[in-house]
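Peer 1: Sharing a sequence plus its predicted fold:
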Number of protein chains: 2
Amino acid sequence: MQQQICVITLATQDAARSRRFYVDGFGWRPVFENGEIIFFQMNGLMLGIWQKRAMEADMRCGRLCSPGAFSLAHNVARKDDVDSLVQLLVAAGGRVLRAADAPNHGGYRGYVADPDDHAWEIAWNPAWTIDQDGLVRFGT
Amino acid sequence: MQQQICVITLATQDAARSRRFYVDGFGWRPVFENGEIIFFQMNGLMLGIWQKRAMEADMRCGRLCSPGAFSLAHNVARKDDVDSLVQLLVAAGGRVLRAADAPNHGGYRGYVADPDDHAWEIAWNPAWTIDQDGLVRFGT
């Protein structure tokens, strides 16, 4: 079976608020949006931001909760980029969960929650290779 | 800012149980594992399965809950592959949330929860292109 994730979909309670975080904070450009869903073309997969109620109906699950037991990581090219991106995300409606510091395995990272409490790790990890298209390979 | 997600990390309460779902169910091969974390090399990003307690400590968040307000989608090449993969996932410890049917936007899909209640949409979507490396592009 192909080791492939086609879409990550995050539930939102307020699409305009989410849009501000992802477009103004990360600086990402949607590839599609209507009143209910926003898609971003990512590195080999899509990121979707979808109205929570519609998502619960589609999943046949009426009790989705936050913060969920998961995190997403966005890696930056330089150590200094971690703090500057965290500042941008907070200015766009994010909330710092953990101020950036150095983990035991090396690098530098902090955690920011988006307006719906979805956790993003903002990391500089020199051990992992990211090519110009954003494709990430496990470092050895 | 590069439109890139480096890692999706899912919390697990039982690494062996998760391993069975992802290795025996999806048929994926880890690129790294120790007692605490398993990494899979995916299509341009990593999937990590990490002990929930360690993850909560790292994120400075002691109240991660399930099912979280998100889903992941894995797309298959043929419509018939949806039901056969759902069966494999259930045999490996998954639970059907929604039996597969046809959504309004076309294609065919169902939802399966992994053993920690993380939701996977298993989808056949002929409108979206997936290349041989698993890289997904938004269809128009």
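Peer 2: Cool, got the structure.
Peer 1: contacts, neighbours, all on C-alpha from now
Peer 2: Fine.
Peer 1: so where's chain A uncertain?
Peer 2: A:140 (pLDDT under 70).
Peer 1: mind running it again at 80?
Peer 2: A:1, A:139-140 (pLDDT under 80).
Peer 1: For the residue in it that chain B sits nearest to, which residues are in contact?
Peer 2: Per CA to the nearest CA, residue A:68 is where chain A lies closest to chain B, at 3.7 Å. If a contact means CA atoms under 8 Å, 6 or more residues apart in numbering or on different chains, then residue A:68 has A:118, B:64-70 as its contacts.
Peer 1: of all the residues you listed, which comes closest to residue A:94?
Peer 2: residue A:118 (9.6 Å; CA to CA).
Peer 1: Check the gap between the closest one and residue B:129 for me.
Peer 2: Using CA to CA, to the nearest Å, we find residue A:118 at a distance of 28 Å from residue B:129.
Peer 1: next one: residue A:5
Peer 2: Distance of residue A:5 to residue B:129, given as CA to CA: 13 Å.
Peer 1: again, but for residue A:58
Peer 2: Applying CA to CA, the value for residue A:58 to residue B:129 is 22 Å.
Peer 1: Can you give me every residue that contacts residue A:137?
Peer 2: For residue A:137, counting by CA under 8 Å, 6+ apart, the contacting residues are A:128-130, B:41, B:44-46.
Peer 1: hang on, the earlier thing: neighbour count winner among residue A:118 and residue B:129?
Peer 2: A count of neighbours by other CA atoms under 10 Å in any protein chain shown puts residue A:118 above the other of residue A:118 and residue B:129, at 22 against 17.
Peer 1: Identify the nearest residue to the more buried one in space, disregarding sequence-adjacent positions?
Peer 2: Distances taken as CA to CA, 6 or more residues apart in numbering or on different chains place residue A:67 nearest to residue A:118, at 6.0 Å, with adjacent residues excluded.
Peer 1: Give me the contact list for stretch A:104-124.
Peer 2: A:10-13, A:17-18, A:21, A:66-68, A:70-79, A:81-82, A:85-86, A:89-90, A:93-103, A:125-126, B:59.
Peer 1: Please pick the buried ones from these.
Peer 2: A:10-12, A:17-18, A:21, A:66-68, A:70-76, A:79, A:82, A:85-86, A:89-90, A:93-98, A:100, A:125-126, B:59 (16 or more other CA atoms under 10 Å in any protein chain shown).
Peer 1: now, which of those residues lie within helices?
Peer 2: A:17-18, A:79, A:82, A:85-86, A:89-90, B:59 (DSSP state H).
Peer 1: could you redo the residues you listed as CSV and give each row distance to residue A:138?
Peer 2: CSV is the format used below for these (distance: CA to CA, whole Å):
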residue, distance to residue A:138
A:17, 33
A:18, 30
A:79, 19
A:82, 20
A:85, 23
A:86, 24
A:89, 26
A:90, 29
B:59, 21
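Peer 1: and those, which two are the farthest apart?
Peer 2: A:17 and A:79 (28.0 Å).
Peer 1: Grab the nearest non-local neighbour of residue A:51.
Peer 2: residue A:12 (5.0 Å).
Peer 1: ok, now residue A:1?
Peer 2: That would be residue B:27: by CA to CA, 6+ apart, it lies 5.7 Å from residue A:1.
Peer 1: tell me the SS of the one you found?
Peer 2: coil (DSSP: H, G, I helix; E, B strand; the rest coil).
Peer 1: where along chain A do the strands fall?
Peer 2: If DSSP state E is used as the criterion, the strands of chain A fall at A:7-12, A:30-33, A:37-41, A:46-51, A:70-75, A:95-101, A:108-113, A:119-124, A:129-130, A:136-137.
Peer 1: Check whether the third one comes near chain B.
Peer 2: Translated: strand A:37-41. Yes: residues of strand A:37-41 contacting chain B under CA under 8 Å from any CA of the partner chain: A:40-41.
Peer 1: Alpha carbons of that strand, in PDB - could you do that?
Peer 2: The C-alpha coordinates for strand A:37-41 follow below in PDB (Å, rounded to 0.1, in the frame of the first residue of the first chain):
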ATOM      1  CA  ILE A  37     -13.800  24.700   3.200                       C
ATOM      2  CA  ILE A  38     -10.400  26.100   2.400                       C
ATOM      3  CA  PHE A  39      -7.700  24.000   0.700                       C
ATOM      4  CA  PHE A  40      -4.000  24.700   0.700                       C
ATOM      5  CA  GLN A  41      -1.700  22.800  -1.700                       C
END
